[in-house]
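*Asks:* Build the 3D model from these lines:
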Amino acid sequence: MSMTDPIADTLTRIRNALLAQHETLEMPHSRMREALVRILSEEGYVGAWALNEKEPPFKTISVELKYRSDRAPAIEKMQRISNPGRRVYVGKDEIPSVLHGMGINILSTSQGVFTGKKARELGIGGELLCEVY
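*Replies:* Down below sits the predicted model:
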C-alpha cells in the first residue's frame with residue numbers, strides 16, 4: 001500500500017473513527033503520526049495513546065477517542081493546510097491563530113513537531129501541517 005500523504009491519512013482516520021463513534025482507533029506507526037497523536041493527546045483532543053509492537057514488522061499506534069457529554073466528538077474540525085502538492089511554510093511571526101486561540105495548529109519545524117503556540121514561544125517557524133478545533 002503506497003501512501004502519498006500520511007498526515008492527511010491520519011487526520012482522515014481520526015475523523016472517520018469519530019463519526020462512527022468508535023472508542024479507540026488503531027493505525028500504522030510512523031514518527032510523524034506519533035508526533036501528531038502526541039500533540040492531539042497533550043492538547044486534550046484525544047485521550048491516551050500507545051505504541052503497539054505485538055507483531056514485530058509492524059508497529060501500530062492505538063488512540064483513545066474523546067467525546068463530549070452529549071456524545072459529540074471532542075474534535076469539531078481537522079483540516080490539512082500544507083499538502084504534498086502545495087507546501088505552506090510560515091515564519092515565527094506569521095504563525096496564524098486558530099479561532100482566536102480556541103483551536104490549535106500543528107507545525108513541523110527543524111526542531112520537531114509542535115503546536116503553533118509552542119513554536120511561537122521557541123521563536124521558530126516551519127511547515128504548517130494542519131489546524132484542529
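
*Asks:* Spit out the contact partners of residue 15.
*Replies:* Contacts for residue 15 were tallied using CB atoms under 8 Å, 6 or more residues apart in numbering; they are 75, 78. In this view, the C-beta of every residue, glycine as well, is placed from N, C-alpha and C.

*Asks:* tell me the secondary structure for it?
*Replies:* helix (DSSP: H, G, I helix; E, B strand; the rest coil).

*Asks:* how close does it sit to residue 87?
*Replies:* Distance, residue 15 to residue 87, by CB to CB, to the nearest Å: 22 Å.

*Asks:* And for residue 14?
*Replies:* Residue 14 is 22 Å from residue 87, by CB to CB.

*Asks:* For residue 81, give me its contacts.
*Replies:* Contacts for residue 81 (CB under 8 Å, 6+ apart) come out as 88, 105, 128-131.

*Asks:* in this structure, what secondary structure element scores lowest on mean pLDDT?
*Replies:* Within the chain, no helix or strand scores below strand 46-55, which has a mean of 91 by mean pLDDT, DSSP states H and E.

*Asks:* packing partners for that one?
*Replies:* Contacts defined by 3 or more CB pairs under 8 Å, 6 or more residues apart in numbering; DSSP states H and E place strand 46-55 against helix 31-42, strand 58-65.

*Asks:* Just name whatever secondary elements whichever helix or strand comes after the last one is in contact with.
*Replies:* So that's strand 58-65. Sequence order places strand 78-80 as the next helix or strand after strand 58-65, per DSSP states H and E. Strand 78-80 sits against helix 6-19, strand 126-132, with contacts defined as 3+ CB pairs under 8 Å, 6+ apart.

*Asks:* ok, the residue most central in space within the chain - contacts?
*Replies:* Against the mean C-alpha coordinate of the chain, by CA atoms, centre = their mean, the closest residue is residue 36 at 3.6 Å. Contact analysis of residue 36 by CB under 8 Å, 6+ apart lists 7, 10-11, 106, 113, 129-130.
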